[in-house]
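Visitor: Model the following, please.
(one chain, ligands or ions: 1)
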Amino acid sequence: MAVKDHVNFEQFMAGVERRNPHQTEFVQAVREVAEDIFEFIADKEKYHEFQILRRIAEPDRVISFRVCWEDDKGNIRVQRGWRVQNNNSIGPYKGGLRFHPSVNESVLKFLAFEQTFKNSLTGLPMGGAKGGANFNPKGKSEHEIMRFCQSFMTELYRHVGADVDVPAGDIGVGAREIGFMFGQYKRITNQFTGVLTGKGLEYGGSLVRTEATGYGAVYFLDNMLKHRGNDIVGKTAVISGAGNVATHAAEKILQLGGKVVTLSDSQGFIHDPDGMTQEKIDWVKHQKTVVRGSLSDYLKEFKGARWYAGDRPWGVTCDVALPCATQNELNGNDARKLIENGCIAVCEGANMPTDLDGMRVFKEAGICFAPGKASNAGGVAVSGLEMSQNSERLSWDEATLQDRLRSIMRGIHDRCLEYGEKEDGTVDYVRGANIAGFVKVADAMIAYGVV
Ligand code: NDP
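Guide: Now for the predicted structure:
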């Protein structure tokens, strides 16, 4: 067979930029993955011939819709909702829903693209998707949240299903919102199926799902450190975020013998040099999920801490750092500060929290760096197990799920080693995760031919 002409990496990226104008987050995410994939497929004709990367970087479909709802004063409000179904080669589409004013098509396309590789890495049969709305849940009453979720699902229901696309939570979407959306789906379709994950335990949810992303990230960190003959005991951790991922990461660091000295929210960060206890972490969870107030109130509750308004915690001295808030929250300067202060490992709990410059700094410094698509996959993995339990109409016990989570995180770590371990024994986890995630999806796509 004749060898066809192939585009090189820069030509490929120029095409991605041309086709996705102003979608900076999406282009950034594709660039980060494509760099490694191009090198890997240089001598692998079949991946070129089938245009695999070009096809993964074009979502199967982007659904955009209007969401109308009525606020407590009777005003009609209009939001925009989306579902980006990126790729379902290895299983039904799967990925969270985000409600945040910063949500737009670029952000959701980047998240759906990343999700495709992450879900593949878990070893479970799940494709990649993401969705959400530019809706700000902050300051809304319970009834307003309910009306919004119901209106959102009134359109979304026709695009999802237990064997089609199974959304979950993300920023701004927790157990409460999942409950409202599941209730509306059930009302419209008259079907009780596993169409969403992150459900309450009373109606098909899974034990350990709430904790899974944060716990899983810390298991991944532990695996990285152990691979270098080290561990978490006695290590000082700097964590950003104060939501689901951050608080559970903090809890697991504590359980494994480490010390957590920071958490943050969108207003600033708290530095507690004495270290956080379980009581302090429980207060943060309550403050964020029940009171829905500022993290700065921590000072009123606990002595010895300081609040840094409008700042991020990367200047605080630590051994390990876990960015667990949002995308692009750690740049090159932040990365340099962390290295100067002696940080030996960075483990992403959030999706793409480190920008490309920050990643370069970590790579050059040779420290352990875990990209979110590998290290925060514990959440979607237990979501996958929630789908299995729903299909069986059974609920597994906590010990089984904790064991499965631990072994899935070890499996992801080892898959990263397969493609990321270098001759000198160090590991490029970014490359390892990108390639391991790619290969499974790519081989399935080749099996299907051109579809
Ligand atoms: P939550 O909504 O529970 O918490 C998000 C936290 O990040 C809050 O403390 C919030 O502050 C802060 N935050 C949000 N946006 C910004 C911003 N623009 N600047 C500074 N701080 C911000 O979300 P999760 O913990 O669920 O998600 C956190 C990250 O982890 C996201 O990147 C998400 O995609 C990723 N992730 C989550 C998974 C999950 O299972 N939940 C699974 C895999 C990845 P405030 O309280 O002030 O709003």
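Visitor: Tell me where the model's unsure across this protein.
Guide: Flagging of the chain using pLDDT under 70 yields the residue ranges 1-5.
Visitor: ok, longest strand in it?
Guide: Secondary structure assigned by DSSP state E gives strand 76-87 as the longest strand of the chain.
Visitor: so how far is it from its chain's centroid?
Guide: The chain centre lies 18 Å from the centre of strand 76-87; the measure is C-alpha atoms, centre = their mean, to the nearest Å.
Visitor: Alpha carbons only: can I get it in PDB?
Guide: Below are the C-alpha coordinates for strand 76-87, written out as PDB (Å, rounded to 0.1, in the frame of the first residue of the first chain):
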ATOM      1  CA  ILE A  76     -37.900  34.500  33.500                       C
ATOM      2  CA  ARG A  77     -34.200  33.700  33.300                       C
ATOM      3  CA  VAL A  78     -32.400  32.200  30.300                       C
ATOM      4  CA  GLN A  79     -29.300  30.200  30.400                       C
ATOM      5  CA  ARG A  80     -27.300  28.100  27.900                       C
ATOM      6  CA  GLY A  81     -26.800  24.400  28.400                       C
ATOM      7  CA  TRP A  82     -24.500  22.000  26.600                       C
ATOM      8  CA  ARG A  83     -23.600  18.300  26.300                       C
ATOM      9  CA  VAL A  84     -20.400  17.500  24.400                       C
ATOM     10  CA  GLN A  85     -20.200  13.900  23.400                       C
ATOM     11  CA  ASN A  86     -16.600  13.400  22.500                       C
ATOM     12  CA  ASN A  87     -16.100   9.700  21.800                       C
END
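Visitor: Could you point out the helix or strand that follows the helix or strand where residue 53 lies?
Guide: Using DSSP states H and E, residue 53 sits in helix 52-56. Toward the C-terminus, helix 52-56 is succeeded by strand 61-70 as the next helix or strand (DSSP H and E).
Visitor: contacts for that following strand?
Guide: With C-beta atoms under 8 Å, 6 or more residues apart in numbering as the test, strand 61-70 has contacts from 76-85, 105, 108-109, 133, 135, 144, 147-148, 150-152, 155-156, 159. The way it works is simple: take the backbone N, C-alpha and C, and place the C-beta from them, glycine included.
Visitor: is it fair to say residue 157 lies in a helix?
Guide: Yes: counting by DSSP: H, G, I helix; E, B strand; the rest coil, residue 157 is located in a helix.
Visitor: tally of neighbours for the closest residue in space to residue 83 that isn't next to it in sequence?
Guide: Spatially, and ignoring its direct neighbours in sequence, residue 83 is nearest to residue 131 (3.8 Å; C-beta to C-beta, 6 or more residues apart in numbering). Using other C-beta atoms under 10 Å, residue 131 is surrounded by 30 other residues.
Visitor: Spit out the contact partners of residue 131.
Guide: Counting by C-beta under 8 Å, 6+ apart, residue 131 makes contact with 81, 82, 83, 84, 95, 96, 97, 98, 108, 156, 167.
Visitor: The helix or strand hosting residue 179 and the ligand, any residue contact?
Guide: Using DSSP H and E, residue 179 maps to helix 175-189. No: using C-beta under 6 Å from any ligand atom, we find that helix 175-189 stays clear of the ligand, coming within 10.4 Å at best.
Visitor: then that helix to CSV, C-alphas only?
Guide: In CSV, the C-alpha atoms belonging to helix 175-189 read as follows (Å, rounded to 0.1, in the frame of the first residue of the first chain):
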residue,chain,number,x,y,z
ALA,A,175,-25.7,15.2,45.3
ARG,A,176,-28.5,17.8,45.6
GLU,A,177,-28.5,18.7,41.9
ILE,A,178,-28.1,15.1,40.8
GLY,A,179,-31.2,14.3,42.9
PHE,A,180,-33.2,17.0,41.2
MET,A,181,-32.1,16.0,37.7
PHE,A,182,-32.6,12.3,38.3
GLY,A,183,-36.1,13.0,39.6
GLN,A,184,-37.0,14.9,36.5
TYR,A,185,-35.6,12.3,34.2
LYS,A,186,-37.7,9.6,36.0
ARG,A,187,-40.8,11.8,35.7
ILE,A,188,-40.4,12.4,32.0
THR,A,189,-39.4,8.9,30.9
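Visitor: Which elements pack onto it?
Guide: Where contact means 3 or more C-beta pairs under 8 Å, 6 or more residues apart in numbering; DSSP states H and E, helix 175-189 is packed against strand 93-99, helix 142-156.
Visitor: tell me the angle the next helix or strand after that helix makes with strand 93-99.
Guide: On the C-terminal side of helix 175-189, the nearest following helix or strand under DSSP H and E is helix 209-227. Counting by axes from the mean of the first three to the mean of the last three C-alpha atoms, to 10 degrees, helix 209-227 lies at 110 degrees to strand 93-99.
Visitor: So what touches the following helix or strand past helix 209-227?
Guide: Sequence-wise, the next helix or strand downstream of helix 209-227 (DSSP H and E) is strand 236-240. The contact list for strand 236-240 (C-beta under 8 Å, 6+ apart) reads 246, 249-250, 253, 258-264, 269, 275, 312-314, 316-325, 329-330, 338, 343, 349-350, 353.
Visitor: Quick check on residue 166: phi, psi?
Guide: When read as degrees, to the nearest 10, the backbone of residue 166 gives phi -120, psi 90.
Visitor: Which residue, neighbours along the chain excluded, lies closest to it?
Guide: Nearest residue to residue 166, sequence neighbours excluded (C-beta to C-beta, 6+ apart): residue 94, at 5.1 Å.
Visitor: Residue 171 and residue 243 touch, don't they?
Guide: Yes: assessed by C-beta atoms under 8 Å, residue 171 is found in contact with residue 243 at 7.1 Å.
Visitor: ok so, going back, ok, and does the longest strand of the chain reach over to the ligand?
Guide: No: Strand 76-87 does not reach the ligand (C-beta under 6 Å from any ligand atom); its nearest approach is 13.6 Å.
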